[in-house]
Structures are given as structure tokens and as C-alpha cells.
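1. Please work out how this folds:
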Amino acid sequence: MNRPRLNDSLAPDNVLSRMLPGKTYGAYALAAKFHVRTATIRPVLEQMVERGQLELSSAQPGTVGFRRSKASLEAADVPTIATSVATPLRHVQLEGELKGYSTEIAQRIALCMLARPKA
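-> Residues are numbered from 1 along each chain as shown. Here you go, the predicted model:
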């Protein structure tokens, strides 16, 4: 089974979804993520800078990098879910002798023998 292929369209929302917040990307690195040439993605990035979706960054020496702007981070509200996967704490005493497991093990053996196919 193959994993689904990512959308390679150069839409601004798609470009933002591939960028981690706070990390600076060169145009060549973003072009590699979309499997296009750098000259193809550079106009899209420049338009995003003009709109305020990206910021220019000089974190990489010798190259101009692109970073998600703080305004685009605040605009992307993540929905909160009121459920939790955490379970309540259980305190287990590990002192003393363990007793009473022989009946439990016998019941599990009997249950396994019932589910076992007869040969």
C-alpha cells in the first residue's frame, strides 16, 4: 500500500502548510519540497512576502531566506478538542507478596482454550 502523495500545487496555503513556524527556508529548499525549479517558486514566494504571509530572513549566510510571518501564525487558529486520551493516575503498591493470581491465570487459560480452534 502506497502512502498518499502530497499536493504539489504552489498555492500559498499549501506552501505555508509545508513550512514549520520559526524555521527559515531558502527558495531552493522550498522548490525541492514541491519538486519544481527555484525560478518557478520564487514569484510565488515574493507575492507571499508582499501579502505579509512570509517574512524575509537572513538567518542563512549568503542567501535570502523565507520564514512564516507572525501574522500568518496567529491567523491559523487550531481547533481545540474537548476530549483527552490521558487516563487517571493509578498508584500501585509494589511492596509485599503478590497473591491471588493463580485463579486469574486459570480463568485466562480456560478462555484461551475456548477460543482456540479444534484440530
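2. for the chain, which spans come out with low pLDDT?
-> 1-8, 59-60, 71-84, 119 (pLDDT under 70).
3. where do the helices sit along it?
-> For the chain, helices defined by DSSP state H occupy the ranges 12-17, 27-34, 38-51, 70-75, 101-115.
4. which of the ones you listed sits most buried?
-> Comparing the helices of the chain by mean neighbour count (mean count of other C-beta atoms under 10 Å), helix 27-34 comes out on top with a mean of 17. Placement of C-beta: from N, CA and C, glycine included.
5. What is the neighbour count of Phe66?
-> When neighbours are counted by other C-beta atoms under 10 Å, Phe66 registers 25.
6. so how far is His91 from the residue nearest to it when sequence neighbours are not counted?
-> Distances taken as C-beta to C-beta, 6 or more residues apart in numbering place Leu54 nearest to Phe66, at 4.8 Å, with adjacent residues excluded. In this view, Leu54 and His91 are 50 Å apart by C-beta to C-beta, to the nearest Å.
7. Likewise for Lys99?
-> Using C-beta to C-beta, Lys99 is found at 19 Å from His91.
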